[in-house]
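Trainee: sequence and predicted model, in that order:
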Amino acid sequence: MIRVENLHKSFGSNEVLKGINLEVNRGEVVAIVGPSGSGKSTLLRCLNLLETPDYGTITIDESQVTLGSKTHRKDIASLRSKTAMVFQHYNLFRNRTALRNVQDPIVLRGVAKKDEARIIAQDLLRRVGITAETEAQYPVTLSGGQSQRVSIARALAINPAAILLDEPTSALDPELVGEVLSVIRQLASEHTTMLIVTHEMSFAADVADRVIFMDEGQIVEQGPAYDVIHNPRMNRTKQFLGRSLEKSRLKEVPEPERHVG
Ligand code: ADP
Ligand code: MG
């Protein structure tokens, strides 16, 4: 249902995506891993047309856009409406309550009118563990974990064909990572189509159906999540995963006790 063909994107002389070919089936959860600067965010942003690719074709359900040729504004709007992004830094509207952050897009997209939209939004917020009390709060008073869960509810609100999550837990304090991962895990078990850029390798191995390893603007290796992470074939994947593993081992070393006073 998502098909990306020969996608290219450069920033000036920096060729960031060098011909990406990718298919994602309905209900599939795909984790994208790879070193910083390999083009993971650019790929997600191109899928949502937050960045305009130089050429290539993106098809999501019945919406198709071929870049480089004459593209119609209507096709671009249609393709853009097929996916919803979840960013590392949430991007919630600061002047709206958690509830309004989810309710407003529903009205804006014409999915439902105001009162019905509120009920849909409240339902989604409960699904991500946001209570009636919390939904009345403004983003500045929410924890990072709450903010990210509101962002996920907002992404679900427009009923997209796929949700694109770009390092959804990277900005969170370690103790808040779990609550966001468990919401994503729940969505995965309900077969929500998701592309997730993540550094959480054990999460990727556990939750994703497929893992894609990207390096220098190309897909180097992909396959069933467990196989790619625990038994990679390509040297570049082995090197990258070796380093990530070292890092996560380091993380497991307990912090020295701090004495207060
Ligand atoms: P990743 O998400 O894998 O870390 P990115 O897609 O963010 O990688 O970036 C890939 C490359 O594209 C980097 O070299 C980055 O500096 C460059 N890049 C990303 N966005 C822009 C932009 N808006 N303008 C110029 N260069 C960019
Ligand atoms: Mg990135």
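Mentor: That came through, no problem. Ligands and ions are numbered 1, 2, ... in the order given.
Trainee: in the stretch 101-250 of the chain, which spans are strands?
Mentor: With DSSP state E, counting those that start in this stretch as the criterion, the stretch 101-250 of the chain has strands at 162-166, 194-197, 210-215, 218-224.
Trainee: show me what the first one is packed against.
Mentor: The elements that strand 162-166 packs onto, with contact taken as 3 or more CB pairs under 8 Å, 6 or more residues apart in numbering; DSSP states H and E, are helix 40-47, strand 83-86, helix 144-157, strand 194-197. Any C-beta I mention is one placed from the backbone N, CA and C, and that applies to glycine too.
Trainee: nearest to ligand 1, out of the ones you listed?
Mentor: helix 40-47 (3.2 Å; CB to the nearest ligand atom).
Trainee: where do the helices sit along this protein?
Mentor: 40-47, 73-80, 98-108, 114-127, 132-135, 144-157, 174-189, 201-207, 225-230, 235-252 (DSSP state H).
Trainee: and the fifth one, what's its mean pLDDT?
Mentor: It refers to helix 132-135. Here helix 132-135 scores 98 as its mean pLDDT.
Trainee: how about the CA coordinates for that helix, as CSV?
Mentor: Only the C-alpha atoms of helix 132-135 are listed here, as CSV (Å, rounded to 0.1, in the frame of the first residue of the first chain):
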residue,chain,number,x,y,z
ALA,A,132,-9.8,13.4,31.3
GLU,A,133,-7.9,15.6,33.8
THR,A,134,-4.7,15.6,31.7
GLU,A,135,-6.5,16.4,28.4
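Trainee: in it, what counts as buried?
Mentor: For helix 132-135, the neighbour count (16 or more other CB atoms under 10 Å) marks T134, E135 as buried.
Trainee: mind giving me the packing neighbours of it?
Mentor: So helix 132-135, by 3+ CB pairs under 8 Å, 6+ apart, packs with helix 98-108, helix 114-127.
Trainee: just want the most central residue of this protein.
Mentor: The residue lying closest to the centre of the chain (CA atoms, centre = their mean) is L165, at 0.7 Å.
Trainee: test my guess that that residue contacts E200.
Mentor: No - applying CB atoms under 8 Å, one finds L165 not in contact with E200, separated by 11.2 Å.
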